[in-house]
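1. When you get a sec, could you give me coordinates for this:
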Amino acid sequence: MRLWVAVVLLVTFGVNAPTLRAQSPKKFDVASVRRVEISATAFGVPVFPVTGGVGTAEPLRITYRGTWLTPLIAEAFGVRTDQITGPGWLNTERYDIVANIPQGATKDDFTLMLADLLRERFQQILPTRGNAKLHAFLSEHSYWARWRTREQNDRIIDASLCFGAFDEDGRQIGHARVIGDGVAFGYLGDVFVVPEARGRGVGKALMEAVLAHPDVRDLKRFTLVTDDAHGLYEQYGFAPLEDVRKWMQRRR
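-> Modelled structure (predicted):
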């Protein structure tokens with residue numbers, strides 16, 4: 001099974017926790033996204049400038065020639081390119097994108113419209129807010145989150161750094177999320193793999209992607225709670241609390 005793991009960019013990453021990049025009330029009048037093959041030359045790999053766009057001499061039309069998706073995702077969702085983890089083709093496949101921009105659109109409008117366009121054309125790695133399949137699994141099949149409402153799950157996702165595992169058809173088969181401050185403390189939660197994909201290394205692939213992320217890999221203390229997956233997490237350095245008497249919690 002061909003498998004890849006991506007940071008699920010239904011959020012935009014800030015210094016501490018990510019927040020949702022809203023959808024735009026405006027839309028591109030016309031937009032095309034086409035994969036292209038661009039061969040290297042004797043001088044290296046050709047890179048083409050963006051032409052047109054808001055604030056230029058051609059504000060009603062923008063053209064990306066032979067662009068890679070990673071810098072586009074970074075522009076659209078307000079993240080750094082090193083915060084984007086995903087399949088290798090994000091940095092190898094190239095696309096021609098041409099869009100007609102509505103009259104009066106601002107730069108903020110444009111980035112929101114670009115995010116909407118990428119969500120529409122690349123749904124497998126840029127799902128929209130309120131993932132119904134994710135909520136269905138957590139509310140119907142997990143032992144830890146059946147009490148949550150759809151609205152509560154949406155709020156949790158909005159406040160988390162989310163990871164998704166996808167099969168070769170772009171179908172999401174796994175999920176994990178992290179909350180934390182990027183330095184001292186983090187918590188790993190809502191890790192799951194759909195039943196039909198278990199036993200194929202999906203959980204391990206998710207853990208490797210989570211621990212490699214720049215906002216996670218250097219955390220001083222990274223925690224989780226599990227009833228039955230101790231063996232998996234021990235492979236990645238997790239162990240029972242040694243100072244458990246120091247910990248306190250407030251439950252509601």
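2. hey, let's count contacts and neighbours off CA atoms from now on
-> Fine.
3. Per-residue pLDDT of Gln123, please?
-> Gln123 is assigned a pLDDT of 63 by the prediction.
4. Repeat that for the one 10 residues further on.
-> Per-residue confidence for Lys133 comes out at a pLDDT of 74.
5. do the same with the one 4 residues further on
-> The confidence metric pLDDT takes the value 84 at Phe137.
6. gap between the closest residue to Asp29 other than its chain neighbours and Phe28?
-> The shortest distance from Asp29 to any non-neighbouring residue, by C-alpha to C-alpha, 6 or more residues apart in numbering, is to Asn100 (5.3 Å). Counting by C-alpha to C-alpha, to the nearest Å, the gap from Asn100 to Phe28 is 6 Å.
7. list the contacts for the residue nearest to Asp29?
-> Contacts were defined as C-alpha atoms under 8 Å, 6 or more residues apart in numbering; by that measure Asn100 touches Phe28, Asp29, Val30, Ala31, Leu60, Arg61, Ile62.
8. now those: which count as buried?
-> Burial of the contacts of Asn100 was assessed by neighbour count (16 or more other C-alpha atoms under 10 Å); the buried members are Phe28, Ala31, Leu60, Arg61, Ile62.
9. mind listing which of those residues are in strands?
-> By the criterion of DSSP state E, membership of those in strands covers Ala31, Arg61, Ile62.
10. Test my guess that the first one contacts Ile97.
-> If I follow you right, that is Ala31. Yes - applying C-alpha atoms under 8 Å as the test, Ala31 and Ile97 come out as touching, 7.2 Å apart.
11. which of the contacts of Asn100 lies closest to Thr149?
-> Proximity of the contacts of Asn100 to Thr149 (C-alpha to C-alpha) peaks at Phe28, which lies at 34.0 Å.
12. Kindly confirm whether my reading is correct that that closest one touches Val98.
-> No - checked against C-alpha under 8 Å, the pair Phe28 and Val98 is beyond contact range at 9.8 Å.
13. residues near Ala229, how many?
-> Ala229 is flanked by 9 other residues according to other C-alpha atoms under 10 Å.
14. where in the stretch 101-250 of the chain is pLDDT low?
-> Low-confidence segments of the stretch 101-250 of the chain, defined by pLDDT under 70, are located at 123-131, 168-170.
15. Now with 80, please.
-> Under the criterion of pLDDT under 80, the regions of the stretch 101-250 of the chain flagged as low confidence span 119, 122-133, 158, 165-172.
16. ok, back up a step: output the buried ones among the contacts of Asn100 as JSON lines; include the columns distance to His135 and pLDDT.
-> Written out in JSON lines, the entries for the buried ones among the contacts of Asn100 read as follows (distance: C-alpha to C-alpha, whole Å; pLDDT from 0 to 100):
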{"residue": "Phe28", "distance to His135": "30", "pLDDT": "92"}
{"residue": "Ala31", "distance to His135": "31", "pLDDT": "91"}
{"residue": "Leu60", "distance to His135": "39", "pLDDT": "95"}
{"residue": "Arg61", "distance to His135": "38", "pLDDT": "96"}
{"residue": "Ile62", "distance to His135": "37", "pLDDT": "97"}
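17. now for these, which pair is the farthest apart?
-> When the buried ones among the contacts of Asn100 are compared pair by pair using C-alpha to C-alpha, the farthest-apart members prove to be Ala31 and Leu60, with a separation of 11.8 Å.
18. Please, where are all the helices along the stretch 51-200 of the chain?
-> Taking DSSP state H, counting those that start in this stretch, the helices of the stretch 51-200 of the chain run over residues 69-77, 107-121, 132-140, 150-158.
19. Buried residues of the longest one, list them for me.
-> For helix 107-121, the buried set under the neighbour-count rule, 16+ other C-alpha under 10 Å, comprises Asp109, Phe110, Thr111, Leu112, Met113, Leu114, Ala115, Asp116, Leu117, Leu118, Arg119.
20. Give me the helices and strands touching it, please.
-> helix 69-77 (3 or more C-alpha pairs under 8 Å, 6 or more residues apart in numbering; DSSP states H and E).
21. re earlier: closest one to Ile38 out of the buried ones among the contacts of Asn100, please.
-> Compare each of the buried ones among the contacts of Asn100 with Ile38 using C-alpha to C-alpha and the shortest gap goes to Ile62, at 19.8 Å.
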